[in-house]
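**Q** I would like to see how this sequence folds:
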Amino acid sequence: MDTPSLPFTTRVLAPRGEPHTTSQAPDFTALLPASQRTESDHIIVPQLESDFLTRELAVDRLNNVQDWLWVCGRPMPPRPLRYVPIEILQARQTYSFSPYTNIEAVNHQVLISRDITITENPELHLVWSKNRIFLKPIPPYLLDPDFWAAHIIRDRKLAACARGFLFTYTALLSYESDFRLAKEAGLLPSEIAWAAWKALAREILQHHCYASVNPRYWYGELRLSRLNTIYRLRKGFLLRGYSKVAAHTVYVDLLRDNFAALAAVLGYVVIVLTAMQVGLGVERLQEDEAFQNASYGFTVFSIIAPLVAGMGIVVAVLAMFISNWIVTKNYERERFEEMGVEPFWRGRPGKDAATPSSAKGSLMNSHEREV
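**A** Predicted structure coming up:
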């Protein structure tokens, strides 16, 4: 079967040093991150032979709810970066906009105050919540055609994800003002020039085909709150949802916001009760049995409902606390087992409590056995 063609051949990165010969495999170490976190939360040196690229590019969790992405966003490319809000005063101080720059668009977006938040998780790329949008910077290795030929192009899944990811940046960085904003935000390698980006974007767009990109990238910006709802209702992740990056960080804030919503509802209840009290003073309504029964029922409801709702909020937060506590303790135990250490401050009956020195000795013995 023929190998798919590369999405681009333009070289926008500086040479990596000594040119390699045909018999010598190119060294892409300079294009990789300094370290990689595994699924077990170990920190290791990035290895291209492992699942590194899958974790860097795959969007499986979004593909799992592909049929519901229309609820979260439209099937259209993301808006240019100048439409992503920034502080307009800072923008005017930092950049010299051309006469063709859409300043009104920037002003409009400042009003809704959505800021750029950097993420290295591809499944959060172009996901937005309230006043921020998450963007994954372009990894340097995705801008190297040799890297594509060696590690990406033969894997259809990775290639589809990588093509879609690069395509989003051709939409985000349309004008030079977008490019400057991206460089300032750290979304692009610092060595790329505007002319080189134009040449790269032109080549990517010439080879672009929606059938060759991951279906997630048929959509642009996705709303996080709706993704959370979909994952709660369709996947059963009732507490976590799709992601907790926009969730409350402390329980006090969670209680405050929920009770604030309850107080707003109670305000309407007070208005209704006041209107009913006035109605009961009207002679015509005093003789209306249906109104009397409705007033009685709503009065009882207004007494019981807030108590039930308040207790429900407290119980829900308590359930979240207990769930998080159990998960944290289980993770701690499993993590210490994987690390091969035993907390020296927890002495166990019938066992000598491990000390830092003994733990270090056991790790050295383990390394000696591996050698």
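
**Q** from here on, contacts and neighbour counts on C-alpha atoms
**A** Will do.

**Q** average pLDDT for the biggest helix by length in the chain?
**A** In the chain, with assignment by DSSP state H, the single longest helix is helix 289-339. Across helix 289-339, pLDDT averages out at 88.

**Q** That helix packs against which elements?
**A** Counting contacts by 3 or more CA pairs under 8 Å, 6 or more residues apart in numbering; DSSP states H and E, helix 289-339 packs against helix 251-280, helix 283-286.

**Q** Give me the contacts around the last one.
**A** Think helix 283-286. Outside helix 283-286, the residues that touch it by CA atoms under 8 Å, 6 or more residues apart in numbering are G279, L280, F291, Q292.

**Q** Just the closest of those to K235, please.
**A** Taking CA to CA as the measure, F291 is the one of the contacts of helix 283-286 closest to K235, at 45.0 Å.

**Q** I'd like the distance between that closest one and G297.
**A** For F291, the distance to G297 (CA to CA, to the nearest Å) stands at 10 Å.

**Q** Can you say which of the contacts of helix 283-286 are buried?
**A** G279, L280, Q292 (16 or more other CA atoms under 10 Å).

**Q** From M311, how far out is the closest residue in space to the second one that isn't next to it in sequence?
**A** With sequence-adjacent residues excluded and distances taken as CA to CA, 6 or more residues apart in numbering, L280 is closest to Q286, at 5.4 Å. As judged by CA to CA, Q286 and M311 stand 35 Å apart.

**Q** got it, and L187?
**A** Distance from L187 to M311, counting by CA to CA: 46 Å.

**Q** more neighbours, the two?
**A** L187 (20 against 12; other CA atoms under 10 Å).

**Q** wait, what's in contact with the more buried one?
**A** L187 touches I118, L135, K136, P137, I138, counting by CA under 8 Å, 6+ apart.

**Q** What of P189?
**A** Neighbour list for P189: I138, P139, P140, K183 [criterion: CA under 8 Å, 6+ apart].

**Q** now it, what's its secondary structure?
**A** With DSSP: H, G, I helix; E, B strand; the rest coil as the basis, P189 sits in coil.

**Q** Excluding covalently adjacent residues, which one is nearest to the residue nearest in space to the middle of the chain?
**A** Residue closest to the average C-alpha location in the chain (CA atoms, centre = their mean): L124, at 2.8 Å. Closest residue in space to L124, ignoring its immediate chain neighbours: F134 at 6.1 Å, by CA to CA, 6+ apart.

**Q** related to what we said a few turns ago, which one, of the helices and strands packed on helix 289-339, ends up nearest to G241?
**A** helix 251-280 (15.6 Å).

**Q** elements contacting that closest one?
**A** helix 283-286, helix 289-339.

**Q** out of those helices, nearest to A264?
**A** helix 289-339 (11.4 Å).

**Q** How about S295: what's its closest non-neighbour residue?
**A** Using CA to CA, 6+ apart, the nearest residue to S295 is M276, at 6.3 Å.

**Q** Surely the one you found and A294 touch.
**A** No. Contact between M276 and A294 fails when scored by CA atoms under 8 Å: they sit 9.1 Å apart.

**Q** which residues are contacting stretch 56-69?
**A** Against stretch 56-69 from outside (CA under 8 Å, 6+ apart): 120-123, 157-158, 161-162, 215-216, 219, 222, 227, 230.

**Q** wait, which of the residues you listed is closest to Y251?
**A** Y251 has its nearest neighbour among the contacts of stretch 56-69 in L227, at 22.2 Å by CA to CA.

**Q** In contact with the closest one, which residues?
**A** Neighbouring residues of L227 by CA under 8 Å, 6+ apart: L69, C72, G241, Y242.

**Q** part of a helix, is it?
**A** Yes. Assessed with three-state DSSP, L227 lies in a helix.

**Q** For it, report the pLDDT, please.
**A** For L227, the pLDDT comes out at 95.

**Q** okay, the closest residue to L142 other than its chain neighbours: pLDDT?
**A** Leaving aside its chain neighbours, L142 sits nearest to W148 (6.9 Å; criterion: CA to CA, 6+ apart). As summarised for this prediction, W148 has a pLDDT of 94.

**Q** W218 too?
**A** Listed pLDDT for W218 reads 96.

**Q** For it, list the residues it contacts.
**A** Counting by CA under 8 Å, 6+ apart, W218 touches P75, M76, P77, Y210.
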